[in-house]
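*Asks:* Sequence first, predicted model second:
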Amino acid sequence: MNQRQCENIINSNFKAVEDSFMYFLHEKSVFKENKYVELCNAIEKSDNKALLQKIIHTYRYIIKNITHHFNKDDLFEIKNFDSDIVEKLDELDYSLDVYIKKIWLNS
């Protein structure tokens, strides 16, 4: 995956463009595993500092949706979310850590 592809994936998720992970999560209430992995890989491989705000926004939105899914008083439900939550969050956290270290160390 090159930097242009990373940028396109991150921007598509930030805007919840059709066929992105965020589109499926927000519009369809579906946790699309392959799109999630694609997003994590794009974050991890990106070295574009200008994407930081979009990445953080996307990260926070994913966390909020997962929180709403597990809140018994909330009507939001991710229809196919039955996997290990800790493992899923670890993937995203790892990708974000790699990205942040990369942009800070290359300053």
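*Replies:* Received the coordinates, thanks. Numbering: from 1, shown residues only.

*Asks:* what does whichever strand or helix holds Glu87 rub up against?
*Replies:* Using DSSP states H and E, Glu87 falls within helix 85-105. Residues outside helix 85-105 that contact it (C-beta atoms under 8 Å, 6 or more residues apart in numbering) are 31, 36-37, 40-41, 43-44, 46-49, 52, 55, 59, 62-63, 66, 70. Where you see a C-beta, it was placed from the backbone N, CA and C, and this is true even at glycine.

*Asks:* buried stuff in it?
*Replies:* Going by neighbour count (16 or more other C-beta atoms under 10 Å), the buried part of helix 85-105 is 88, 91-92, 95-96, 99, 103.

*Asks:* just stretch 66-80 next, same as before
*Replies:* Burial within stretch 66-80, assessed by neighbour count using 16+ other C-beta under 10 Å, is assigned to 66, 69, 78.

*Asks:* quick one, phi/psi of Asp47?
*Replies:* phi -130, psi 20 (degrees, to the nearest 10).

*Asks:* Distance of the closest residue to it other than its chain neighbours relative to Lys49?
*Replies:* Spatial nearest neighbour of Asp47, chain neighbours left out: Lys102 (5.4 Å); criterion: C-beta to C-beta, 6 or more residues apart in numbering. Distance of Lys102 to Lys49, computed by C-beta to C-beta, to the nearest Å: 9 Å.

*Asks:* Pretty sure Ser20 is one of the things Ser12 touches, is it not?
*Replies:* Yes: assessed by C-beta atoms under 8 Å, Ser12 is found in contact with Ser20 at 4.2 Å.

*Asks:* who's more crowded, these two?
*Replies:* Ser20 (24 against 20; other C-beta atoms under 10 Å).

*Asks:* Report the contact partners of that one.
*Replies:* Ser20 sits next to 9, 12-13, 35, 39 when contact means C-beta under 8 Å, 6+ apart.

*Asks:* Kindly report the same for Ile66.
*Replies:* By C-beta under 8 Å, 6+ apart, the contact list for Ile66 reads 78, 81, 85, 88-89.

*Asks:* Now, the contacts of Ser20 that are in helices?
*Replies:* 9, 12-13, 35, 39 (DSSP state H).

*Asks:* Selecting buried members of the residues you listed in ChimeraX, what would you type?
*Replies:* One line in ChimeraX is enough to select the buried ones among the ones in helices among the contacts of Ser20; burial here means 16+ other C-beta under 10 Å:
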select :9,12,13,35,39
